[in-house]
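Participant: Quick one: sequence and predicted model below, then my questions.
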Amino acid sequence: MKAATVYPRACLIPQRVTQQSPVALSNWKPRRNRGLGRMRCVFLAAGIALVLAPLSVAQEVHPRYTIVDRGPALVRTLTDTPALNNHGDMAIWHSENASLMPGIVFHGKETISIEGENNFTLVYPSDINDRLTVVGTLQAPQDLRFTRAFKWSDNKLEILGSLGGAYSAALAVNAAGDVVGNAQVSSGGKHAVLWRTKQPRDLGLLAQGDYSSARDINDKGDIVGEANLVPNGKPQAFLWHAGKIQQLPKLPGGTICSAQAINVNNAIIGSCDVANGIAHGVIWRDGTVEDLGTLGGEDSPSTALDINALGQVVGSSEDDGRQRAFLWEKGKMINLNKLIAPNSGWMLLVASRINDNGEIIGRGYFHRTTHTFMLQPDQALNKK
C-alpha cells in the first residue's frame, strides 16, 4: 500500500494528518496572500512527493519469495526439468563426470542418491510424488539414443517394461504411483504409455499419426501430452480420459500445440503457436483454450510448464529478447525476477515446477553460473 499524500487546507483539501503521513502539517497555517499560498502549496506538494516516493518504491519491491540455491544445474531441454512434490522434496540430476550422473533427492535435510544400473549410469529424474516415489529415465553414456524408464521407491530401482522397442522414458507419476511417458513400439515409432500394472499400456495415437508422448497424469488418472495427426506431422495437444484420446483445441490461426501438465481440477497447460508462428503459453479449461500471453510483445515466445491445484502457472518467456521465468495467476503474467530481492545475485530464467503450497523450482544464473533454485513464498505477504 502506498502512503497517503496529505495536503493543507489551502489546497482545497481539509487540513488533517493521517497516520500514514510521515510529515506533520498540523501547525501549518495558510497566509492571506492567495497567489503566494498557491505557490507554496505546489512546492510543498512536490516536497511531500519526493519524501514519499522512496517509501512507495520500497513497498512495491518487497520480495514475495525467499530463494534457495540447489547447486549447479545441467540443462537438457526446456521441458526436461527437475521434480518437486507438495512437501518441498526435489529430485534433480547431478553430473559427477562424463560417464556417471546419479539422481539426487532432497528430502528435508536428507540427501539421497539414485544410482543407475549396468551400463545405464546417467539418471534423469522427471517427477516425484508425495510418497517419495521418483520416476525418470536412464541413459547409457556410450549411446544416448537408448533410454530406459525407471521407477524408484523405498531405495529400490525398478526398470519399467517397454512396448517392444529399445527405449522408453517415464515423465510423470501421480499420488497412486501410476506412471506415464513414452516408449518405442516394435515397428519403431514412439507411443504414449501408462504404467499402472506390470504390463505397460499403449495409450494410442491421434487420427492417422505415428507419434504420441504422455507428459503428465493427475490423481484422477487423466493424462495429457502431444501427438501428431499424420506421420511426421506437427504435434497437437491431447487429453486421455476414460480410455479415450482426444485432441485439444488450438489457438486461432495456429498449427502446433503441446500439453505439459494437468491439475486435479482438470485445468491443462502447455503451449500453442499463434498466427505468426510464435509459441505462447496456454491454458485449457472446460474444452476451451486461452492464450496466457508473454512478458514481451506478441512476437515474444512463452511456454507454460506446470500448474498447481490453485491454478497458478509457471514457465518461461522472452522479455525484451531475454529469457525470464514467469508466474501466471489471476489472469496476469509476472516476471518472477520482480518478486525476489533485487540484490540476490540471481537472474531467474525458467520456472519449471510449482506445488500446491506455491513453492517453485527452476533454473537461473547465480553469479553468472547456471544453478537450480527453489522459491519459498512469504506466507504472510501472500495472504494479503
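Facilitator: That came through fine. Just so it is clear, the model here is predicted, and its values are computed rather than measured. Residues are numbered from 1 along each chain as shown.
Participant: where does the stretch 101-250 of the chain dip in pLDDT?
Facilitator: Within the stretch 101-250 of the chain, no range satisfies pLDDT under 70.
Participant: Strands of that one, residue ranges please.
Facilitator: Ranges of strands within the stretch 101-250 of the chain are 103-107, 110-114, 122-128, 134-140, 143-153, 156-159, 164-173, 179-185, 190-195, 201-204, 212-217, 223-228, 235-241, 244-247, based on DSSP state E, counting those that start in this stretch.
Participant: Ser316 is nearest to which of those?
Facilitator: strand 212-217 (16.0 Å; Cβ to Cβ). Every C-beta, even on glycine, is put in place using the N, C-alpha and C of the backbone.
Participant: Sheet partners, orientation included, of that closest one?
Facilitator: Strand 212-217 pairs in its sheet with strand 223-228 (antiparallel), by DSSP bridges.
Participant: Which residues does the strand it pairs with contact?
Facilitator: 180, 192, 194, 203, 205-206, 209-217, 234-241, 245, 247-248, 257-262, 268, 270 (Cβ atoms under 8 Å, 6 or more residues apart in numbering).
Participant: the strands in the stretch 251-384 of the chain, which residues?
Facilitator: Counting by DSSP E, counting those that start in this stretch, the strands of the stretch 251-384 of the chain are 257-262, 268-273, 279-285, 288-293, 302-307, 313-319, 322-329, 332-335, 346-354, 360-366, 369-377.
Participant: can I get those in TSV with mean neighbour count and distance to His107?
Facilitator: Below are the strands of the stretch 251-384 of the chain laid out as TSV (neighbours: other Cβ atoms under 10 Å; distance: least, Cβ to Cβ, whole Å):
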stretch	mean neighbour count	distance to His107
strand 257-262	26	23
strand 268-273	26	27
strand 279-285	22	31
strand 288-293	16	32
strand 302-307	25	20
strand 313-319	24	22
strand 322-329	21	24
strand 332-335	14	30
strand 346-354	23	16
strand 360-366	23	14
strand 369-377	19	13
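Participant: correct me, but Pro63 touches Ile340?
Facilitator: Yes. Counting by Cβ atoms under 8 Å, Ile340 is a contact partner of Pro63 at 5.2 Å.
Participant: the more surrounded of the two?
Facilitator: Between Pro63 and Ile340, Ile340 has the larger neighbour count (other Cβ atoms under 10 Å), namely 21 against 15.
Participant: Buried residues in stretch 91-110, which are they?
Facilitator: Buried positions in stretch 91-110, judged by neighbour count with 16 or more other Cβ atoms under 10 Å: 91-94, 101-106.
Participant: Same check on stretch 177-191?
Facilitator: For stretch 177-191, by 16+ other Cβ under 10 Å, it's 178-184, 189-191.
Participant: before we move on, the earlier item: so which of the strands of the stretch 101-250 of the chain is nearest Ser344?
Facilitator: strand 103-107 (20.0 Å).
Participant: which helices and strands sit right next to the closest one?
Facilitator: Applying 3 or more Cβ pairs under 8 Å, 6 or more residues apart in numbering; DSSP states H and E, we find strand 103-107 packed against strand 90-93, strand 110-114, strand 122-128, strand 134-140.
Participant: ok, back up a step: which stretch among the strands of the stretch 251-384 of the chain comes nearest Thr111?
Facilitator: Here strand 369-377 is closest among those (Cβ to Cβ), at 13.4 Å.
Participant: mean confidence for stretch 265-276?
Facilitator: Across stretch 265-276, the average pLDDT comes to 98.
Participant: Quick one: end-to-end distance for that stretch.
Facilitator: 31 Å (Cα to Cα, to the nearest Å).
Participant: And stretch 112-131, by the same measure?
Facilitator: Note: stretch 112-131 ends 14 Å apart using Cα to Cα.
Participant: now that stretch: how far from the chain's centre is it?
Facilitator: In terms of Cα atoms, centre = their mean, to the nearest Å, the centre of stretch 112-131 is set 22 Å apart from its chain centre.
Participant: do the same with stretch 137-146
Facilitator: Worked out by Cα atoms, centre = their mean, stretch 137-146 lies 27 Å from the chain centre.
Participant: what comes up buried for that stretch?
Facilitator: For stretch 137-146, the neighbour count (16+ other Cβ under 10 Å) marks 137-140, 146 as buried.
Participant: ok, so of those residues, who is nearest Asn119?
Facilitator: For the buried residues of stretch 137-146, the nearest to Asn119 is Ala140 (4.6 Å; Cβ to Cβ).
Participant: residue contacts, the residue nearest to the closest one when sequence neighbours are not counted?
Facilitator: Sequence neighbours aside, Asn119 is the residue nearest to Ala140 in space, at 4.6 Å (criterion: Cβ to Cβ, 6 or more residues apart in numbering). Applying Cβ under 8 Å, 6+ apart to Asn119 gives the contacts 140-142.
Participant: give the contact list for the closest residue in space to Gly254 that isn't next to it in sequence.
Facilitator: The shortest distance from Gly254 to any residue other than its chain neighbours is 4.5 Å, reached at Asp273 (Cβ to Cβ, 6+ apart). By Cβ under 8 Å, 6+ apart, the contact set of Asp273 is 251, 254-257, 279-280.
Participant: can you rerun that using 6 Å?
Facilitator: By Cβ atoms under 6 Å, 6 or more residues apart in numbering, Asp273 lies in contact with 254, 256, 279.
Participant: does it have beta-bridge partners, and which?
Facilitator: So, taking DSSP bridges as the rule, Asp273 has Ala279 as bridge partners.
Participant: What's the separation between it and His371?
Facilitator: To His371, Asp273 is 31 Å away according to Cβ to Cβ, to the nearest Å.
Participant: Would you confirm that His94 contacts Gly103?
Facilitator: No. At 7.6 Å, His94 does not count as touching Gly103 under the criterion of Cβ atoms under 6 Å.
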